[in-house]
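*Asks:* quick one, structure for this:
(one chain, ligands or ions: 1)
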Amino acid sequence: DDAPNSEHFALRPIGHVMSDYPDKFGIPRQPGLAPAASARLVLAPPYNDPLAVRGLEDFSHLWLSFIFHQSPDRWSPLVRPPRLGGNKKVGVFASRSTHRPNRLGLSLVRLVGINTQQGVVLTLQGCDLVSGTPVVDIKPYLPWAESQPNAQAGFAPQTPSLMPVSFHPAALDSLAQRSDSATLHALIEQVLSQDPRPAYQQKDSASGRLYGVRLRDVDVQFRACLKDEATTLEVMAIE
Ligand code: SAM
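*Replies:* Residues are numbered from 1 along each chain as shown. The predicted structure is shown next:
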């Protein structure tokens, strides 16, 4: 029924993120893990009024509230965090799972610029959102209130360990042709160092199997191999 109900709250996107991540696969699991990832947040009318962002340029970091629009609109009380290898369960509210009631996400991102020439476009760095993600709110980050370096972080106590990444000469040649080669090189390295392979395939270090991850407008093909006895992700081609 359409009767006004104080227990239902409709959310309207204030804008959309256009990011370096055309697909969900490969996106780091938290913002800041790939600082080379850049994105634009394009505000939509009537929220794209320059007055609405007055003063925001003096903040370096923002909280984005957004909708996990590519997740199904259903949830269950238990989820399997990839961090636990995908086989242990924790409560949905003890996780950052994308499968949650209301599908609300929260990411801390770096603000690098604001353009108000035509509407409002924010340039961001380090976000963990697929391109097209609807954003429902922006708030400036207050380090003196919100930074808690000694906080206890449950099953995710520290930054995930990094996987070594190497580039095949053919991939380096393709990179060299591009005007964004430096930032794309950094982005690929940061994304692959999080080991985006599915948890059940991570043990299989040298199957030779090719994986593909899309970043910006390219397809990055990589495989796992052993180098100096360490599993390494090698970029084979950038197309
Ligand atoms: N920092 C946010 C949070 O804690 O709410 C997101 C954490 S969530 C674990 C990060 C993952 O969400 C990414 O690795 C990506 O696969 C997925 N993701 C990003 N944007 C999405 C979207 N619009 N819909 C569904 N999944 C998305």
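*Asks:* now do the strands in the chain.
*Replies:* 15-19, 38-43, 61-67, 78-79, 90-91, 104-115, 121-125, 134-140, 165-167, 211-215, 218-227, 230-238 (DSSP state E).
*Asks:* so how far is the fourth one from its chain's centroid?
*Replies:* On the basis of Cα atoms, centre = their mean, to the nearest Å, strand 78-79 sits 21 Å off its chain's mean C-alpha point.
*Asks:* with stretch 64-71 instead?
*Replies:* For stretch 64-71 - counting by Cα atoms, centre = their mean - the centre lies 11 Å from the chain centre.
*Asks:* start to end distance for that stretch?
*Replies:* Start and end residues of stretch 64-71 are separated by 18 Å (Cα to Cα, to the nearest Å).
*Asks:* thinking again about what came up before, the strands of the chain into TSV, with extra columns for distance to residue 25?
*Replies:* Where C-beta positions appear, they are placed from N, C-alpha and C, glycine not excepted. Below are these laid out as TSV (distance: least, Cβ to Cβ, whole Å):
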stretch	distance to residue 25
strand 15-19	14
strand 38-43	17
strand 61-67	18
strand 78-79	18
strand 90-91	23
strand 104-115	17
strand 121-125	21
strand 134-140	20
strand 165-167	17
strand 211-215	6
strand 218-227	11
strand 230-238	14
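*Asks:* closest one to the ligand among the ones you listed?
*Replies:* The ligand lies closest to strand 104-115 among the strands of the chain, at 3.5 Å (Cβ to the nearest ligand atom).
*Asks:* the closest one pairs with which strands, and in what direction?
*Replies:* Sheet pairing for strand 104-115, assigned by DSSP bridges, gives strand 61-67 (antiparallel), strand 121-125 (antiparallel).
*Asks:* and the chain, what are its domains?
*Replies:* 15-146, 165-238 (automatic domain parsing).
*Asks:* could you check how far the longest one is from the centre of its chain?
*Replies:* Meaning domain 15-146. Using Cα atoms, centre = their mean, the offset of domain 15-146 from its chain centre is 7 Å.
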